[in-house]
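Enquirer: below is the structure, and that's it, no one-letter string:
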């Protein structure tokens, strides 16, 4: 996301009077929204790394509210994507033949994790939903547990608001830390991406060690 935006900014700066930072926001924020939304529906896009990278770029901008716009864009896209996926899963639960969306959720929630998610949801309720977005690979098992517990979309959405806000804030802080270490944005982006990859890989490494 960052390199194409930079190329577009340079081209715009040389051919028009549009400020580079305005061009970055005009291209980067919709791209961030779309990619995070897709990543929430199809969990193959590294959305955490995208948010951290966007935060690095925003940190180096002088335009007001750059970081706030990244936060609002990321959290809103995550919330809408989660809500859409949960609604599709609910439709599958009510259908006799299920649905491909429900099967996709089940395929990404190993039985062991799904069982732990159901136990945690029964004991702690919404708190588990909030924490699920902060734990790598924790979102889908908890979403499946909510589906199995027959949570209405409204109840899921209320808990998911806090989850998406906490998620966006966490990865934005990672980006701010990476951006504050270097003068060049691309260097901060590299650090932010490496940090998010390490965080994502940590649970798998712990399981292998055990």
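Expert: Looks like it came in fine. Keep in mind the model is a prediction, meaning the values are calculated, not measured.

Enquirer: mind checking how far residue 163 is from residue 96?
Expert: When distance is defined by CB to CB, to the nearest Å, residue 163 is 31 Å away from residue 96. Where C-beta positions appear, they are placed from N, C-alpha and C, glycine not excepted.

Enquirer: before we move on, what about residue 155?
Expert: As judged by CB to CB, residue 155 and residue 96 stand 24 Å apart.

Enquirer: which one's more surrounded, the two?
Expert: residue 155 (15 against 4; other CB atoms under 10 Å).

Enquirer: what comes up buried for the strand or helix carrying the more buried one?
Expert: Element membership for residue 155, per DSSP states H and E: helix 153-181. By neighbour count on 16 or more other CB atoms under 10 Å, the buried set for helix 153-181 is 156-157, 159-160, 163-165, 167-168, 170-172, 174-179.

Enquirer: again with stretch 83-99
Expert: By neighbour count with 16+ other CB under 10 Å, stretch 83-99 contains the buried residues 83, 85-86, 88-90, 92, 99.

Enquirer: now those residues as TSV including distance to residue 138, pLDDT and secondary structure?
Expert: Below are those laid out as TSV (distance: CB to CB, whole Å; pLDDT from 0 to 100; DSSP: H, G, I helix; E, B strand; the rest coil):
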residue	distance to residue 138	pLDDT	secondary structure
83	18	95	helix
85	15	94	helix
86	15	94	helix
88	20	92	helix
89	16	91	helix
90	20	91	helix
92	21	86	helix
99	23	78	coil
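
Enquirer: tell me where the chain has helices.
Expert: Secondary structure of the chain (DSSP state H): helices at 2-15, 20-41, 47-59, 66-94, 100-107, 111-124, 126-132, 139-148, 153-181, 185-209.

Enquirer: so the nearest residue to residue 46 once chain neighbours are set aside versus residue 48, what's the distance?
Expert: In space, and not counting its chain neighbours, residue 46 is closest to residue 196: 7.0 Å by CB to CB, 6 or more residues apart in numbering. For residue 196, the distance to residue 48 equals 5 Å [CB to CB].

Enquirer: okay, now the unreliable bits of the chain?
Expert: By pLDDT under 70, the low-scoring segments of the chain are 1-27, 98, 186, 199-210.

Enquirer: tell me the centre residue of it?
Expert: When CA atoms, centre = their mean is applied to the chain, the residue found nearest the centroid is residue 47 (4.3 Å).

Enquirer: ok, so what distance separates the closest residue in space to that one that isn't next to it in sequence from residue 126?
Expert: Counting by CB to CB, 6+ apart, residue 39 is the residue found nearest to residue 47 once chain neighbours are left out, at 3.8 Å. Using CB to CB, we find residue 39 at a distance of 23 Å from residue 126.

Enquirer: what about the two, which has more around it?
Expert: Neighbour tally, residue 39 and residue 126, criterion other CB under 10 Å: the higher count belongs to residue 39, 20 against 17.

Enquirer: how close does residue 96 get to residue 76?
Expert: The spacing between residue 96 and residue 76, counted by CB to CB, is 34 Å.
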